[in-house]
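Enquirer: Give me a model of this one.
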Amino acid sequence: MTRLLGIAGSLRRGSFNAALLHNAAELLPDGVSLEVRTLHGIPLYDADEEAEHGLPAAVTALKDAIASADGVILSTPEYNNGIPGVFKNAIDWASRPPADTRKVFAGRPFAIVGASPGGFGTIMSQNHWLPVLRALGVDLWTGGSMMVSRAGQALNADGQIEDPERREQLRNFLADFAKFATRGGD
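Expert: Predicted coordinates for the structure are as follows:
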């Protein structure tokens, strides 16, 4: 069984990016599972708090989930043409302490998807993730793209993607990324 982890980069209850991951969970190939996680419970990073109290339980749980996944999908919103602060904060926490960065991130297959109410999908946010993921040493899959623009129209009231072509695009994206993750990257 190939185990993928999807992290939704928004705290909003009706998050388009969480919905995108829930749609993905329904479109996986046989032999692949997807655990969807949110950023709830992860505080703002504070080195003094880390030194005094260690890692918060929510951060430890996120790190463990990343480290045990065969591949990770970041489902990123785009705020002001960039990475949402809460999402970057969570990944920064997960890279702590620096001695753990290799165990959690290095060589691990990662992919980026995103949904946005805007007309350009999440192209700027996805591009802004590139230097962050490079610094963490992930094995970034670039064999496909998944950007859902005008997400308010693309997702119905229940958060489902109804357009058959878009569902097929997501299905193909997932199948290709799962192959990449299974091979340990290329």
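Enquirer: Which secondary structure element of the chain has the lowest mean pLDDT?
Expert: Least confident helix or strand of the chain, by mean pLDDT, DSSP states H and E, is helix 151-154 with a mean of 92.
Enquirer: Going along the chain, name the strands of this structure.
Expert: Assigned strands in the chain, in chain order: 2-8, 32-37, 71-75, 109-115, 139-140, 147-148 (criterion: DSSP state E).
Enquirer: Determine the set of other helices and strands touching the least confident helix or strand of the chain.
Expert: Counting contacts by 3 or more CB pairs under 8 Å, 6 or more residues apart in numbering; DSSP states H and E, helix 151-154 packs against helix 16-26. For glycine as for every other residue, the C-beta is placed from the backbone atoms N, C-alpha and C.
Enquirer: The helix it packs on to strand 109-115, inter-axis angle?
Expert: Put simply, helix 16-26 runs at 120 degrees to strand 109-115, going by axes from the mean of the first three to the mean of the last three CA atoms, to 10 degrees.
Enquirer: Stretch 50-59: end-to-end distance?
Expert: End-to-end span of stretch 50-59 (CA to CA, to the nearest Å): 11 Å.
Enquirer: What pLDDT is listed against Ser33?
Expert: Note on Ser33: pLDDT of 98.
Enquirer: Need the pLDDT of Asp186.
Expert: At Asp186, the pLDDT value in this model is 49.
Enquirer: Mean pLDDT lowest where, among the strands of the chain?
Expert: strand 147-148 (a mean of 94).
Enquirer: How far does that strand sit from its chain's centre?
Expert: From the chain centre to the centre of strand 147-148 is a distance of 13 Å (CA atoms, centre = their mean, to the nearest Å).
Enquirer: Show residues contacting it.
Expert: Here strand 147-148 makes contact (CB atoms under 8 Å, 6 or more residues apart in numbering) with 16, 20, 113-116, 120-123, 126, 154-155, 161, 166.
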